[in-house]
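Undergrad: Predicted model and sequence below, questions to follow.
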Amino acid sequence: MTREWAADWLVLGTQPIGNMSFSYPVMLDLTQRHVAVFGGGAVAVRKVRALRHAGVASIVVVSPDFHPDLPAEVRRLTDIYRPSHLEGIDLALAVTNSTAVNDQIVRDCLDRRIWVNRADTSADLPGDFVTPAQLQKGPVIVTVSAGSASLTASIRDGLADRWDDRWTVLAETMQKLRPLVVASAHLPPERRSEILRRLAGDEALERLTRDGVEGFKTWARELIGAVS
Ligand SMILES: C[C@@]1(CC(=O)O)c2cc3[nH]c(cc4nc(cc5[nH]c(cc(n2)[C@H]1CCC(=O)O)[C@@](C)(CC(=O)O)[C@@H]5CCC(=O)O)C(CC(=O)O)=C4CCC(=O)O)c(CCC(=O)O)c3CC(=O)O
Ligand SMILES: NC(=O)C1=CN([C@@H]2O[C@H](COP(=O)(O)OP(=O)(O)OC[C@H]3O[C@@H](n4cnc5c(N)ncnc54)[C@H](O)[C@@H]3O)[C@@H](O)[C@H]2O)C=CC1
């Protein structure tokens, strides 16, 4: 009896959690893009902070009221959502506390081919993307999407605890050295690939452990210098 119940539970457990149709990860450059956020509550505050951190060209928040923590620099439009607010917008976030309004925003964005996120969930009108949890370590951004906000954040925190600080040093070094390797036009492509692999591989990690950051950087410069 217990085993049958357990088996049923396991079968249920294989169903997708939440809406897992958001399955194509991208990293967006929004520095030339115009974003509209509909709703001015706590979720808007979090999303606006992340957008500002990403250097978005312009953000407008449209809402009848605004949370006190909403960044002061962001443009505010005291109004309820209207389709005319979508003019000139590249990306929209439907974060009002009304399912019907969020539905309408998603519909209007689909009609206009504007990419849209919604903070609540809907099977019929899910929008185009969800915002994952993120962990930033120097130039490295790790994102997590698990189909449940709390699980997503918890996995992100688990990854943060397991972060190897040597990866941050590798990424910072690679940011400087990769352009030099790529610009070495006289090097055969396979040699360039080999150098880039060595700068990112186990040997690089071992050098960092053994020789410290400065020793590693000297090795990396020599590796490039020897062939350029
Ligand atoms: C589908 C998605 C849509 C989207 O927003 O894109 C969505 C939906 C919903 N979130 C809800 C609740 C909460 N979400 C958070 C926090 C975060 N939520 C984020 C993403 C997403 N949330 C997308 C899925 C991402 C994925 O899994 O792939 C994070 C990762 C990124 C971000 O948005 O910044 C950010 C991490 C912040 C961090 O960095 O720690 C907190 C905690 C807090 O507020 O402090 C709570 C309260 C606690 C709880 O309930 O878990 C509810 C129920 C609302 C209700 O009760 O009605 C819904 C609706 C529903 O599930 O139906
Ligand atoms: N994705 C996520 O991480 C989370 C999502 N949620 C969902 O997001 C929704 C919003 O959450 P909160 O910001 O905490 O709610 P909130 O109640 O603090 O804010 C909602 C905002 O929407 C505005 N609004 C209402 N009707 C509007 C309209 N027609 N046009 C423009 N703005 C309008 C309100 O005036 C208010 O400023 C919740 O109802 C919930 O479904 C909630 C928590 C986390």
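TA: Sure, I can see it. Ligands and ions are numbered 1, 2, ... in the order given.
Undergrad: any low-confidence regions in the protein?
TA: The model of the chain has pLDDT under 70 over residues 1-20, 226-228.
Undergrad: I'd say Val61 and Leu70 touch.
TA: Yes: here Val61 lies in contact with Leu70, judged by CB atoms under 8 Å, at a distance of 6.5 Å. Bear in mind the C-beta positions are built from the backbone N, C-alpha and C, glycine included.
Undergrad: who touches both of those two?
TA: Here Val61 and Leu70 share the contacting residues 40, 44, 48, 76, scored by CB atoms under 8 Å, 6 or more residues apart in numbering.
Undergrad: How about the strand or helix carrying the second one, which residues are buried there?
TA: Under the criterion of DSSP states H and E, Ala44 resides in helix 42-53. Buried residues in helix 42-53, counting neighbours by 16 or more other CB atoms under 10 Å, are found at 43-45, 47-48, 51.
Undergrad: And those, which is closest to Ala119?
TA: Distance to Ala119 across these (CB to CB) is lowest for Val43, with 4.8 Å.
Undergrad: ok, now which ones touch that closest one?
TA: Contacts of Val43 by CB under 8 Å, 6+ apart are 95, 119.
Undergrad: out of the buried residues of helix 42-53, what pair is the most spread apart?
TA: Within those, Val43 and Leu51 form the most distant pair, 12.4 Å apart (CB to CB).
Undergrad: could the buried residues of helix 42-53 go into TSV alongside distance to Met27?
TA: TSV is the format used below for those (distance: CB to CB, whole Å):
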residue	distance to Met27
Val43	22
Ala44	22
Val45	23
Lys47	17
Val48	19
Leu51	14
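Undergrad: So which of those reach ligand 2?
TA: The subset of those within reach of ligand 2, by CB under 6 Å from any ligand atom, is 43-44.
Undergrad: Closest one of the buried residues of helix 42-53 to ligand 2?
TA: Distance to ligand 2 across those (CB to the nearest ligand atom) is lowest for Val43, with 3.4 Å.
Undergrad: What distance do you get for Arg178 to His186?
TA: 17 Å (CB to CB, to the nearest Å).
Undergrad: Now the next helix or strand after the helix holding Ala44: buried residues?
TA: Per DSSP H and E, helix 42-53 leads on to strand 58-63 as the next helix or strand towards the C-terminus. Buried residues in strand 58-63, counted by 16+ other CB under 10 Å: 58-63.
Undergrad: just stretch 214-224 next, same as before
TA: For stretch 214-224, by 16+ other CB under 10 Å, it's 216-217, 219-220, 223-224.
Undergrad: Let me have these in CSV, extended by distance to Ala92.
TA: Output for the buried residues of stretch 214-224, formatted as CSV (distance: CB to CB, whole Å):
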residue, distance to Ala92
Phe216, 44
Lys217, 44
Trp219, 48
Ala220, 43
Leu223, 46
Ile224, 44
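Undergrad: Most proximal residue of the chain with respect to ligand 2?
TA: Of all residues in the chain, Gly41 sits closest to ligand 2, at 2.0 Å by CB to the nearest ligand atom.
Undergrad: count of residues packed around that residue?
TA: 16 (other CB atoms under 10 Å).
Undergrad: Leu91 now?
TA: Based on other CB under 10 Å, the number of other residues close to Leu91 is 21.
Undergrad: ok, is stretch 138-146 in contact with ligand 1 or not?
TA: Yes: contact of stretch 138-146 with ligand 1 (CB under 6 Å from any ligand atom) involves 145-146.
Undergrad: can you tell me the distance between the two ends of that stretch?
TA: Distance across stretch 138-146, first residue to last, is 24 Å (CA to CA, to the nearest Å).
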